[in-house]
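>>> I need the structure of the sequence given here:
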Amino acid sequence: MEIVKLFQAGGPFMYPILGIFAIGVAIALERYFYLSKTSKVTNKIWLQLTPMLKALDFGRAMKLTESVKTPITLVLNYGFSRHSENKRREIIEAAMEEGMMDAMPDLVQRTHYLATFANVATLLGLLGTIVGLIQAFTAVAHADPAEKADLLSASISVAMNTTAFGLMAAIPLLLAHSYLVTKTARLVDSLEKAAVKSINLMVRD
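Presented below is the predicted three-dimensional model:
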């Protein structure tokens, strides 16, 4: 395969780029499965909670949220724990905002590393190319004049492989980062909507 040949001809900088790409892929997959699972659980919990909240059965609703550990139950539990006949809307809203702050770290953790790894892979590729070019020109300086052109072109071709491989690693990581950020934002929006709808059902002026 061309990629294998490119990797073999790229020099020592190919290995750290490959390692960064492998770690990035592992993080992207872990985040994708976590966010997908959390999104499904959020929708399921909300479908179960809605009838309870409409019936003002906050006891059952709180038991349900306490039995499952997921971001939506964490957020709503803060609100349910502050809810009573004499509690104002502002107090419940503040409690759910606190719950959202506690839930956010689990939703966004490690995703930002993907953008960092993409940048590092690109820079390592450029660094590998620069080092390769330095070595190429150094070698050509002591070569036979008749062989200089062929030797230089071959050396430059090898040196450019690291830049190509760095970009091949960086582009998928950037795309994965963008996708996961969007997926996280949608999940956060669904949690905020659930919190607002819950407050509206809990506090009826």
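>>> neighbours of the residue lying closest to S39 once chain neighbours are set aside, just the number please.
Setting aside the residues directly before and after it, S39 is nearest to L187 in space (Cβ to Cβ, 6 or more residues apart in numbering), at 5.4 Å. Yep, even glycine has a C-beta here, placed from its N, CA and C like the rest. L187 sits with 19 neighbouring residues when counted by other Cβ atoms under 10 Å.
>>> Go ahead and confirm L187 touches T42.
Yes: counting by Cβ atoms under 8 Å, T42 is a contact partner of L187 at 6.9 Å.
>>> who touches both of those two?
When contacts are counted by Cβ atoms under 8 Å, 6 or more residues apart in numbering, the set common to L187 and T42 consists of P71.
>>> all helices of this protein, in order?
2-8, 14-54, 58-67, 71-82, 89-108, 111-141, 148-202 (DSSP state H).
>>> Out of these, which is the most enclosed?
Among these, helix 71-82 has the highest mean neighbour count (mean count of other Cβ atoms under 10 Å), at a mean of 22.
>>> How about exporting that one as PDB, limited to the C-alpha atoms?
The C-alpha trace of helix 71-82 is given here as PDB (Å, rounded to 0.1, in the frame of the first residue of the first chain):
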ATOM      1  CA  PRO A  71     -26.100  14.100  33.400                       C
ATOM      2  CA  ILE A  72     -29.900  14.700  33.100                       C
ATOM      3  CA  THR A  73     -30.600  13.100  36.400                       C
ATOM      4  CA  LEU A  74     -27.800  15.000  38.100                       C
ATOM      5  CA  VAL A  75     -29.100  18.300  36.800                       C
ATOM      6  CA  LEU A  76     -32.700  17.600  37.800                       C
ATOM      7  CA  ASN A  77     -31.800  16.200  41.200                       C
ATOM      8  CA  TYR A  78     -30.400  19.500  42.200                       C
ATOM      9  CA  GLY A  79     -33.800  21.100  41.300                       C
ATOM     10  CA  PHE A  80     -35.900  18.400  42.900                       C
ATOM     11  CA  SER A  81     -33.900  18.700  46.100                       C
ATOM     12  CA  ARG A  82     -34.800  22.400  46.400                       C
END
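>>> Please name the residues that touch the closest residue in space to V68 that isn't next to it in sequence.
Distance criterion Cβ to Cβ, 6+ apart; nearest residue to V68, sequence neighbours excluded, is I45 at 6.3 Å. With contact taken as Cβ under 8 Å, 6+ apart, I45 is in contact with 64-65, 68, 70, 72-73.
>>> just those now: which is nearest M202?
Nearest to M202 among the contacts of I45: T65, at 12.7 Å, using Cβ to Cβ.
>>> Report the contact partners of the closest one.
45, 49, 72-73, 76-77, 80.
>>> what do you get if the cut-off is 7 Å, keeping everything else the same?
By Cβ atoms under 7 Å, 6 or more residues apart in numbering, the contact list for T65 reads 73, 76-77, 80.
>>> go on, T70?
Contacts of T70 by Cβ under 7 Å, 6+ apart are 38, 41-42, 45.
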